[in-house]
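In: coords below, sequence missing:
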């Protein structure tokens, strides 16, 4: 889904366990890789389409966002929406762009403990809590915007999150297979799992937050905060 999330739109392949991990850089998620810089008129049209889609969500929920409905709300041809976003998933992903970039900015350059300046273990704990609550606030949109399984884990936004978590883990447990540990931690933050636990199982967010802190402690072989 969610969100992209943090480097250039083309990420390097997953490094081997002993290779250093470079700090991720802010990623533009909304625009397609074929158009990194939109012309001013194209940018205005894109903003107009996203504004129309946001209105539809506010009025009808995520189910009310179709390419046809967005085109009608923005008073443009349906082909314009398809050319700009590719498909419905691309449109919904673009809607997550703003909050995704805000999250990136927070963990890349914001105040600690989420941002630089705090010990890596504290940053990892804060990262998971931030992602949990962001996903809970936008759960329907996050679920609807998830790419198909064959491209879900290769999405640049998720790849940047994975790189950030891997970087923190290598500072905490340098002798571990931090690539796989990062995958395990991010699986806990999956929007589909959050949906299941909160809406189908009725778990409060406080329990999920406590579970994240406990999972981090167990995987990093550290003591949870008192």
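Out: Sure thing, it's come through. This structure is a prediction, so every number in the text was calculated from the model and none was measured.

In: now do the buried residues in the strand or helix carrying residue 140.
Out: Element membership of residue 140, judged by DSSP states H and E, is helix 139-144. Across helix 139-144, burial judged by 16 or more other CB atoms under 10 Å covers 139, 141-144. In short, each C-beta sits where N, CA and C put it, glycine included.

In: looking at those residues, which is nearest residue 183?
Out: Proximity of those to residue 183, judged by CB to CB, is greatest for residue 142, which lies at 18.5 Å.

In: with adjacent residues omitted, what lies nearest to the closest one?
Out: residue 191 (3.9 Å; CB to CB, 6 or more residues apart in numbering).

In: burial count for the one you found?
Out: Counted by other CB atoms under 10 Å, the residues lying close to residue 191 total 23.

In: the one helix or strand residue 126 maps to packs against which elements?
Out: Taking DSSP H and E as the criterion, residue 126 maps to helix 120-137. If contacts are counted by 3 or more CB pairs under 8 Å, 6 or more residues apart in numbering; DSSP states H and E, helix 120-137 sits against helix 97-109, helix 156-172, helix 178-188, helix 191-195, helix 205-220.

In: and the pLDDT at the residue nearest to residue 142?
Out: In this model, residue 191 is scored at 92, pLDDT.

In: make sure it is actually in contact with residue 140.
Out: No - counting by CB atoms under 8 Å, residue 191 stays clear of residue 140, with 9.3 Å between them.

In: any low-confidence regions in the protein?
Out: Residues of the chain that meet the criterion pLDDT under 70 lie in 1-38, 98-99.

In: go again using 50 as the cut-off
Out: For the chain, applying pLDDT under 50 flags the ranges 1-36.

In: domain ranges for it?
Out: 43-86, 88-220 (the TED database).

In: first to last residue in the last one, what's the distance?
Out: Right, the one you point to is domain 88-220. 39 Å (CA to CA, to the nearest Å).

In: what do you get for the first one?
Out: Across its full length, domain 43-86 reaches 16 Å end to end, with CA to CA as the criterion.

In: mind checking how far that domain is from the chain centre?
Out: In terms of CA atoms, centre = their mean, to the nearest Å, the centre of domain 43-86 is found 21 Å from the chain centre.

In: one more: stretch 96-116?
Out: Relative to its parent chain, stretch 96-116 has a centroid offset of 11 Å by CA atoms, centre = their mean.

In: same check on stretch 140-155?
Out: Its chain's C-alpha centre and that of stretch 140-155 lie 10 Å apart, by CA atoms, centre = their mean.

In: which strands and helices lie in contact with the longest helix anywhere in the chain?
Out: Looking across the chain with DSSP state H, the single longest helix is helix 40-60. For helix 40-60, the helices and strands in contact under the criterion 3+ CB pairs under 8 Å, 6+ apart are helix 67-74, helix 78-85, helix 88-95.

In: and the angle from the second one to helix 88-95?
Out: By that I understand helix 78-85. Between helix 78-85 and helix 88-95, the angle comes out at 60 degrees (axes from the mean of the first three to the mean of the last three CA atoms, to 10 degrees).
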